[in-house]
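Chemist: got a predicted model here, sequence first, then my questions.
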Amino acid sequence: MAKAQETITKTHHALGTNIVLTLFGTTNMQILDQTCALIDFYEDQLTVNRQESEVMSINHAAGQNAVSVSNSTYELAKRAILVSQERRGFDALIGPLVKLWKIGFTGANVPDDAAIKARLNLTDPTAIEMNDQEMSIFLQKPGMELDLGGIAKGYIADRIRDFWRAYDVRAGIINLGGNLLFVGNSPAHADGNWRIGVQNPLSQRGEIIASVTSGECSAVTSGIYERSFTKNGKQYHHILNPNTGYPTENNLLGVTVFTKNSIDAEIYTTQFFFAGPKAPEWYLNHPEVYGAIFVTKDNQIKISGLANLEVIILDASFTLEQ
């Protein structure tokens, strides 16, 4: 019988990021090797960073015809499209605007209004036909692009958890480039809870300003620290408003969302950033969302939900809003 303190870790580069997988209570590296193969399998289906993938086949046929894909790709795309149609900040069709601004990439610039309006015409999530019987998707306008990058890591993290449970994994941590999913009970603490750091939006990834004590959950952060540039004294970040075509404007530096499933954390962290420092009331009817921590530009930390979780501020330059 494996001892609880036994730990194995594997790093892997995929999904455009560095992945760290950790298992507790086992020394079976085959589980982690197979996990990496599973990640690569989904990346091959979902990537838009290569010319060939199931999602790219949909994009190549935009304005021409519908394309049938595998069940997993179809169901994930359908979820992303339906959430996009809610128009709460998450938009899986925003790719043409991202490519126009190029924030975080070489050639980042501020486009003119005419160019932005032209690209906005290609980001309409209602200009899509989905056929459940044929598992096909049709982007109705030439130039439209489906990009599942804002939801794929969460989906893949959840599938990894399913895979680990098939092996009766006692505990583990899935870190897909900052997208975190904690599986089972923490072996490091007598209460079985995990200690989860909240990213400092003013620092590099890994610098934390607060610690949250929680059971099994996913934690995902959206913030303006990841990709931005400054022009004529004004900072432009990469979180674009799909209604205006410009970076979302509010008093937020970042928001970290805690959920049961990682795919939900991906969705809600984008929607909460779009909504602003106060979580919208509509999320209260969703028990899969445990709560959120908002960090504002005036160095305030605002907590929504998380009533049963311990939150400790670790950086004195930030204060907890009472």
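Modeler: On my side now, so go ahead. Residues are numbered from 1 along each chain as shown.

Chemist: skip ahead from the helix or strand that contains Thr270 and say which helix or strand is next.
Modeler: Thr270 belongs to helix 262-275 when assigned by DSSP states H and E. Reading on from helix 262-275 to the C-terminus, the next helix or strand found by DSSP H and E is strand 289-296.

Chemist: pull up the pairing partners for that next one, direction included.
Modeler: strand 252-259 (antiparallel), strand 300-305 (antiparallel) (DSSP bridges).

Chemist: need the nearest residue in space to the residue most central in space within the chain, chain neighbours excluded.
Modeler: Taking Cα atoms, centre = their mean, the centroid of the chain lies closest to Glu266, which sits 3.3 Å from it. Once flanking residues are discounted, Glu266 sits nearest to Gly154: 3.6 Å by Cβ to Cβ, 6 or more residues apart in numbering. C-betas here are computed from N, CA, C, even on glycine.

Chemist: tell me, how many residues neighbour the one you found?
Modeler: 25 (other Cβ atoms under 10 Å).

Chemist: now the strands for the stretch 1-150 of the chain?
Modeler: Taking DSSP state E, counting those that start in this stretch, the strands of the stretch 1-150 of the chain run over residues 7-14, 17-24, 67-68, 128-131, 136-139.

Chemist: can you add mean pLDDT and distance to Thr213 and give those back as JSON lines?
Modeler: JSON lines is the format used below for the strands of the stretch 1-150 of the chain (pLDDT from 0 to 100; distance: least, Cβ to Cβ, whole Å):
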{"stretch": "strand 7-14", "mean pLDDT": "97", "distance to Thr213": "21"}
{"stretch": "strand 17-24", "mean pLDDT": "97", "distance to Thr213": "18"}
{"stretch": "strand 67-68", "mean pLDDT": "98", "distance to Thr213": "46"}
{"stretch": "strand 128-131", "mean pLDDT": "98", "distance to Thr213": "41"}
{"stretch": "strand 136-139", "mean pLDDT": "98", "distance to Thr213": "42"}
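
Chemist: out of those strands, flag the one nearest Trp194.
Modeler: Closest approach to Trp194 among the strands of the stretch 1-150 of the chain is made by strand 17-24 (11.3 Å; Cβ to Cβ).

Chemist: partner strands of the one helix or strand Val212 maps to, with direction?
Modeler: When elements are assigned from DSSP H and E, Val212 belongs to strand 208-214. Strand 208-214 pairs in its sheet with strand 194-199 (antiparallel), strand 310-313 (antiparallel), by DSSP bridges.

Chemist: lowest average confidence across those, which one?
Modeler: Lowest mean pLDDT within the strands paired with strand 208-214: strand 310-313, a mean of 89.

Chemist: which outside residues touch it?
Modeler: 209-213, 293, 301, 303, 319-320 (Cβ atoms under 8 Å, 6 or more residues apart in numbering).

Chemist: let me know the closest of those to Arg161.
Modeler: Checking those one by one against Arg161 (Cβ to Cβ), the nearest turns out to be Val212, at 19.2 Å.
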